[in-house]
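Visitor: Got a predicted structure here, sequence first:
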Amino acid sequence: MKKTIVALAVTLGPALLGQNIGNASGPSILSQGANTIGQRSGQDLDLRFFANGSGIYDTGLLPYAVQNGALVKPEPLWGLEAGIGAYGRHTFRRSVLGLDYNGNFRHYTQATNYDGVNQNLNLGYTWQKSRRLLIDTTASAGTQTYGTAISGDPSTLVNGSSLLFDDRTTFVQAGMNTTYLLSSRTSVTVGGTGYTIRRKAQQLVGANGYNLSGSIRHQVGRDTTVGVSYQHTHYDYPRAFGESDLNTYTGLLSRTFARTWRLDLTAGVYTSEVQGIQNTALDPTIAALLGVGSVQTIFYKRNIMPTGTLALTKTFRRSSVSANYARSISPGNGLYLTSRLEAYGASYSYTGLRRWTFSVQGSTSDMRALGQQLLRYRYLSGSTTVNYRVAGPLNVYATYMRRRQDINSTLFQQDASRVSFGIAFQPGDIPLSFH
């Protein structure tokens, strides 16, 4: 009976939205504690450490800088990168702990002013306090400079699309959710998440935010769960007058079929109230009288819009595949503040061969500001990594990443790419997997 209750808690707990791409209103809103943190290719692994060094070739970097009235666009750069990392999961008697950490130092031989350190840490802990009570906690922190070096997945707090410029962004977030089983088929979950984002460039706006959420889920059959959820989200932007409040109401559906396929679906509406300061051009006569061409005015906008997410995943013994769609809200990228976000993504990873691992992923997002008068911003990214275990802990790998950014398709376009070849050391009988 006890094992049945635990299984139902995991099934009916806050897994649904935690796995979807669409919780882009900052971080994932209903995370599942340990969830998939520390997993690789859909499987749990004991804690593993690795160290790696590689040669890198970057093109299309976009620092926050202007020269002679135009954006600075450095020539392609060669360099070296050294990193350390750890990932994996550990199961205790009544809990699960997941860890994923990656840190690296980058050095460019031609332009040392672009050298830097990147760090990213994710922790998740799921604790079964009693037969009916499950508590999930998450924490993550990081500092990142280059969009070609991180995921474009909008479900993460800092991702490729949140770095409009290749300029340092630092973030911290933490959250907790509590799930209580009302019966063997029905659960209630309440929780919240808080976070902060800071950007090195003073003209790019950081963000503070929190989410409060609640949901009820009911298991209709062996493989189907339905439910409803509500979440309140708040953003405020330091050094710039502006804040937003959002209320989201959704219906939920989760279904497992053919044993290894899972479908997660949400659909509903959100209301947003956005206020801030904008520059307003003056009539030429008034401008001549006052000696200024524009003034700052306060704006307030309220919207009611549809929201929804769709995630389809399949987990094999040594591989996993997923596809996602989301229409939701984002805290922005430092220039675009509260924005409507529409995103698509897909990924595949494989560790089925004795010495080889392989992963490929791609995503695209479309951002439109809800309060500011800005044109559409679009971000596309893709990456692939191949790893080969030579002998013992020695691995060799190659990675290719590419991104495209544009504003209204023609106003601004920027392509960037990264190629890296390297070696890595990691004990274990499964080849190294970075993603």
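Guide: Arrived safely.
Visitor: Give me the buried positions along the host helix or strand of residue 271.
Guide: Here residue 271 sits within strand 261-281, counting by DSSP states H and E. Using 16 or more other C-beta atoms under 10 Å as the test for burial, strand 261-281 gives 262, 264-266, 268, 270, 272-276. Quick note: C-beta positions are derived from backbone N, CA and C, even for glycine.
Visitor: next one: stretch 105-114
Guide: Taking 16+ other C-beta under 10 Å as the criterion, stretch 105-114 shows 106, 108, 114 as buried.
Visitor: Can you name the element that comes right after the helix or strand bottoming out on mean pLDDT in the chain?
Guide: Least confident helix or strand, the chain: helix 15-18 with a mean of 34, by mean pLDDT, DSSP states H and E. Moving toward the C-terminus from helix 15-18, the next helix or strand (DSSP H and E) is strand 48-59.
Visitor: That next one packs against which elements?
Guide: With contacts defined as 3 or more C-beta pairs under 8 Å, 6 or more residues apart in numbering; DSSP states H and E, strand 48-59 has these neighbours: strand 77-91, strand 394-407, strand 412-425.
Visitor: now it, how far from the centre of its chain.
Guide: Put simply, strand 48-59 sits 21 Å off its chain's centre (C-alpha atoms, centre = their mean, to the nearest Å).
Visitor: Show me the strands paired with that strand, marking each as parallel or antiparallel.
Guide: strand 77-91 (antiparallel), strand 412-425 (antiparallel) (DSSP bridges).
Visitor: about what we covered before: could you export the strand holding residue 271 as CSV, CA atoms only?
Guide: C-alpha atoms of strand 261-281 as CSV (Å, rounded to 0.1, in the frame of the first residue of the first chain):
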residue,chain,number,x,y,z
TRP,A,261,4.9,7.9,-24.2
ARG,A,262,3.7,10.8,-22.1
LEU,A,263,1.5,13.7,-23.2
ASP,A,264,1.1,16.8,-21.0
LEU,A,265,-1.4,19.5,-22.0
THR,A,266,-2.6,22.7,-20.5
ALA,A,267,-5.1,25.3,-21.9
GLY,A,268,-6.6,28.4,-20.4
VAL,A,269,-6.4,32.2,-20.2
TYR,A,270,-4.4,34.8,-18.4
THR,A,271,-5.0,38.4,-17.4
SER,A,272,-2.1,40.8,-17.3
GLU,A,273,-1.8,44.3,-15.9
VAL,A,274,1.3,46.0,-17.0
GLN,A,275,2.5,49.5,-16.0
GLY,A,276,5.6,51.5,-16.7
ILE,A,277,7.2,54.6,-18.1
GLN,A,278,7.5,55.4,-21.8
ASN,A,279,8.8,58.3,-23.9
THR,A,280,6.1,60.2,-25.7
ALA,A,281,6.9,62.6,-28.7
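Visitor: so what strands line up beside that strand?
Guide: Applying DSSP bridges, one finds strand 261-281 paired with strand 242-257 (antiparallel), strand 294-315 (antiparallel).
Visitor: can I get the ones you listed in a markdown table with mean neighbour count, mean pLDDT and distance to residue 372?
Guide: Shown next, in a markdown table, are the strands paired with strand 261-281 (neighbours: other C-beta atoms under 10 Å; pLDDT from 0 to 100; distance: least, C-beta to C-beta, whole Å):
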| stretch | mean neighbour count | mean pLDDT | distance to residue 372 |
| --- | --- | --- | --- |
| strand 242-257 | 18 | 94 | 9 |
| strand 294-315 | 15 | 88 | 9 |
